[in-house]
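Asks: sequence first, predicted coordinates after that:
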Amino acid sequence: MVNQEETLLSFGSPRRGFSTSMHSLVDEVKLDEESCKDADELLAFYRQRCEQFHAEREQTLAHLAQIEVQRKQKGVQGRSPSPQMGDQDQERRGLESFWWRREVKVAAISRVLLQQIADLEESLKKANASLFQAKAELIDLQTENKTLKLQEQDDRQKMQQLLALTQPITEQVTFFRDCRPGTRTTYPSGRTPTPTTYPYPSTMHIGSEEMQQEKKKKQQKSGFAVRGNASSLVNITQGIPPNKVLRTIYMPNEQTAALTKTIENLQKQLESHQQLTETRIQALLDGFADERAKILLHQQQIEDKSVQLEEQVEKTKRVLTQTTKDYLVLRHKSQETERLAHEEIFQVKQKCENLVTEKTKLTEKVREETNALRQVVREEGNQTVLEFRNQAISRERDLHILKEQYAAMQEACTKRIQNLQVRLTKLRTRYRSLDRRRAMEMEGFTRDLAGLKRHLQKLEVILYGRGLTAQERQVLRYGKSRLHGEIIYENYALDSNELSEEIAALQRRLMDLSADLAEA
């Protein structure tokens, strides 16, 4: 029995999604605060963007107005006579085209920014609508959660009552404060009333839906019954005769607490919906005020633009009047010019006719002269052709003679070349023999020069009385000499320059030696 009771109690325990703890309430409050905070931050951000755009737009319009004034001033200066009128006009046109392109670009950027602002405002409206809808759904879900909690408590209470029916009954009296119970009035019917049996007094407050349904069926069979409190039954019983009322029974209302909680929940839901509705109405009023301000600003801009357009129309009218005057003057001048041109064309046509007549006469005369000249030229050409033919024949004869002379000359040149080649071979042979002979003579000179150097070195040794070094003795022994720090053997042939240098060095040494001998 205890396990069964625990199972039933666990079955009636509150579910996780509808917990009675305070965490869910705290999370809901935090969610509401964060959503409100996000909405306020988003609205402040978009308002800041709109203010920045309007400030940039005002700055751009002021800059464009300043540029327009500068352009007009430059246009007035450009119309003044000056020697550089063409360059200034071209520069002014370039500036006008540049500022026009810039105005077009700024207008395009303004249109894009306005479109972006409109899209952002539309997105903000949709976000606000979604936010209010989410808040309404949140309130409905909270109300449903509370309703389910109440129903869960009622189910738990019914389960406890059912468990109490299965357990032994103990007498107990419970005192509690409650409102006046509802009343029940029974009226007689055609059938005999059935006696009503009541359960034990200690379990009168316990019942189930099946017992209530059985009681309702019995009451319907027994007669017509009216339920309600005392105040509601006064109006009902006033129209009924007193002899028809059998008895009045006061029964306790078991669902008073549940209905009271339901009413409280409904009141809280109503307050939440009222608060949400007021917030939404205030947001709509703020949006309406913003839209109205935008409409007024747009209307003011349209009025300013209309004033500018009217001024532009007046200016255009003045320009049109001046242009019409200029057009009329130019048309008169063009008509006068056209008349003069027609007169000149008529005169030119007459001159052309006279010239055509003269041309015809001259053409006939030239044709006759041309025919005569053609005949003369033909005769002279025939005579010239004969002369050229005779000259060509004589030139061919001379060319044949020249070809024969060229062949003989070519044969003589070939023989001459062969003779020269033989002579060149002989000269090369003689040159090689002379080169070998010269080399042999230079080798002999080198050997004689080395002998003179050894003899001179011996004389220096005898005169100065100094001993020979090992290198000098080696030179005398092996027949070597030194030239510019290099060792030269006797069988080595010096060239002419080196030989001249050696001879000059020996002459200097001999002069020094003779001077030393004279002094001695």
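Replies: Looks like it arrived, so ask away.

Asks: quick one: low-confidence parts of the stretch 401-520 of the chain?
Replies: 465-495, 520 (pLDDT under 70).

Asks: can you give me the strands for it?
Replies: 480-483, 486-489 (DSSP state E, counting those that start in this stretch).

Asks: do the chain as well
Replies: Using DSSP state E, the strands found in the chain span residues 182-186, 225-228, 247-251, 480-483, 486-489.

Asks: Met442: neighbouring residues, count only.
Replies: 17 (other CB atoms under 10 Å). (Glycine included, C-beta is placed from N, CA and C.)

Asks: doesn't Leu499 make contact with it?
Replies: Yes: in terms of CB atoms under 8 Å, Met442 counts as a neighbour of Leu499; the distance is 6.8 Å.

Asks: quickly list what's touching both of the two.
Replies: The contact sets of Met442 and Leu499 do not overlap (CB atoms under 8 Å, 6 or more residues apart in numbering).

Asks: contacts for stretch 377-386, please.
Replies: In contact with stretch 377-386 (CB under 8 Å, 6+ apart) are no residues whatsoever.

Asks: again with stretch 505-519
Replies: With CB under 8 Å, 6+ apart, stretch 505-519 has contacts from 449, 452-453, 456, 459-460, 463-464.

Asks: which of those residues are buried?
Replies: 449, 452-453, 460 (16 or more other CB atoms under 10 Å).

Asks: quick one: mean pLDDT for stretch 133-144?
Replies: Per-residue pLDDT over stretch 133-144 has a mean of 84.

Asks: in the stretch 201-350 of the chain, which spans are helices?
Replies: Taking DSSP state H, counting those that start in this stretch as the test, the helices found in the stretch 201-350 of the chain are 209-222, 230-238, 256-464.

Asks: quickly, which of those helices bottoms out on average pLDDT?
Replies: Among the helices of the stretch 201-350 of the chain, helix 230-238 carries the lowest mean pLDDT (a mean of 48).

Asks: can you pull the contacts of Ala258?
Replies: Contacts of Ala258 by CB under 8 Å, 6+ apart are 150, 153-154.

Asks: can you lay out the contacts of stretch 505-519 as CSV showing distance to Cys413?
Replies: Formatted as CSV, the contacts of stretch 505-519 follow (distance: CB to CB, whole Å):
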residue, distance to Cys413
Leu449, 51
Leu452, 56
Lys453, 57
Leu456, 61
Leu459, 66
Glu460, 67
Leu463, 71
Tyr464, 72
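
Asks: closest to Glu122 among those?
Replies: Nearest to Glu122 among the contacts of stretch 505-519 is Leu449, at 120.0 Å by CB to CB.

Asks: what sits closest to that closest one if chain neighbours are left out?
Replies: Nearest-residue entry for Leu449: Glu502, 5.3 Å, with adjacent residues in sequence omitted and distances by CB to CB, 6 or more residues apart in numbering.

Asks: do you know how far Thr446 is from Lys158?
Replies: For Thr446, the distance to Lys158 (CB to CB, to the nearest Å) stands at 149 Å.

Asks: neighbour-wise, which of the two wins?
Replies: Each of Thr446 and Lys158 has its neighbours counted (other CB under 10 Å); Thr446 has more, 22 against 15.

Asks: against Glu502, how distant is the more buried one?
Replies: For Thr446, the distance to Glu502 equals 8 Å [CB to CB].

Asks: and if you look at Ala164?
Replies: From Ala164 to Glu502 the distance is 154 Å (CB to CB).

Asks: hmm, back to that, wait, the residue nearest to Leu449 touches Asp448, no?
Replies: No: when contacts are counted by CB under 8 Å, Glu502 is not listed as touching Asp448 (10.5 Å).

Asks: which one of the contacts of Ala258 sits closest to Arg339?
Replies: Scanning the contacts of Ala258 for proximity to Arg339, where the rule is CB to CB, the winner is Leu150, at 110.2 Å.

Asks: residues contacting the closest one?
Replies: 258, 261-262, 265.

Asks: next one: Cys352
Replies: Counted by CB under 8 Å, 6+ apart, Cys352 has zero contacts.

Asks: Lys359 versus that one, what's the distance?
Replies: From Cys352 to Lys359 the distance is 10 Å (CB to CB).

Asks: again with Asp448
Replies: Taking CB to CB, one finds Asp448 at 111 Å from Lys359.

Asks: domain parsing of this protein, as residue ranges.
Replies: 2-14+22-77+91-161, 182-192+207-251, 439-519 (automatic domain parsing).
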